[in-house]
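Asks: curious how this folds, go ahead:
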Amino acid sequence: MATSHRCDHCRATIDTSSDAAMIVNVHRRVDDDEWGDSWFSDSAKDTFRFCSQPHLAAYMGRETLPPPVRGDDGDEGSVATVLGCLLVGLVVVALLVGAGYGFLALVTDVL
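Replies: Predicted structure coming up:
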């Protein structure tokens, strides 16, 4: 099922194969060390879709940007993420101990 995107200015369906169609990202709260980068990992981002550049200009001239919302930084782990990593770590350690024990048992049986 194809996803249809609507122009934020005229609400018409955007022809995504057209050279006039565009997605505009506005990044705010960019970290100091990312100002020279082309990729911002630590910023609040607003995404807008337009069917043409004149609609982008009209929309940005008429509308104010919404207040910045901080995206998921990925730096801060939730309790579930920390517990999941701990559980995976314990399973890996148990597998390594079991493999070591099996190898030791195999060596003692052969000798």
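
Asks: all strands of this protein, in order?
Replies: Using DSSP state E, the strands of the chain run over 22-28, 44-50.

Asks: pick the most deeply packed of the ones you listed.
Replies: strand 44-50 (a mean of 16; mean count of other C-beta atoms under 10 Å). Heads up, the C-betas are built off the backbone N, CA and C, glycines and all.

Asks: helices and strands around that one, which ones?
Replies: Here strand 44-50 touches strand 22-28, helix 53-62, going by 3 or more C-beta pairs under 8 Å, 6 or more residues apart in numbering; DSSP states H and E.

Asks: any low-confidence regions in the chain?
Replies: Scanning the chain for pLDDT under 70 picks out 1-2, 40-42, 69-77.

Asks: try 90
Replies: By pLDDT under 90, the low-scoring segments of the chain are 1-4, 16, 25-47, 63-83, 109-111.

Asks: max-length helix in it?
Replies: For the chain, the helix that runs over the most residues, judged by DSSP state H, is helix 79-110.

Asks: distance from that helix to the middle of the chain?
Replies: Relative to the centre of its chain, helix 79-110 is centred 32 Å away, using C-alpha atoms, centre = their mean, to the nearest Å.

Asks: likewise for stretch 16-26?
Replies: A distance of 20 Å separates the centroid of the chain from that of stretch 16-26, by C-alpha atoms, centre = their mean.

Asks: circling back to that earlier point, now render the helices and strands packed on strand 44-50 as CSV, adding distance to Leu96.
Replies: Shown next, in CSV, are the helices and strands packed on strand 44-50 (distance: least, C-beta to C-beta, whole Å):
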stretch, distance to Leu96
strand 22-28, 43
helix 53-62, 56
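
Asks: which one of those lies closest to Ala99?
Replies: Closest approach to Ala99 among the helices and strands packed on strand 44-50 (C-beta to C-beta): strand 22-28, 47.2 Å.

Asks: which residues touch the closest one?
Replies: Contacts to strand 22-28, defined as C-beta atoms under 8 Å, 6 or more residues apart in numbering, come from residues 40, 43-50, 52-53, 56, 65, 68.
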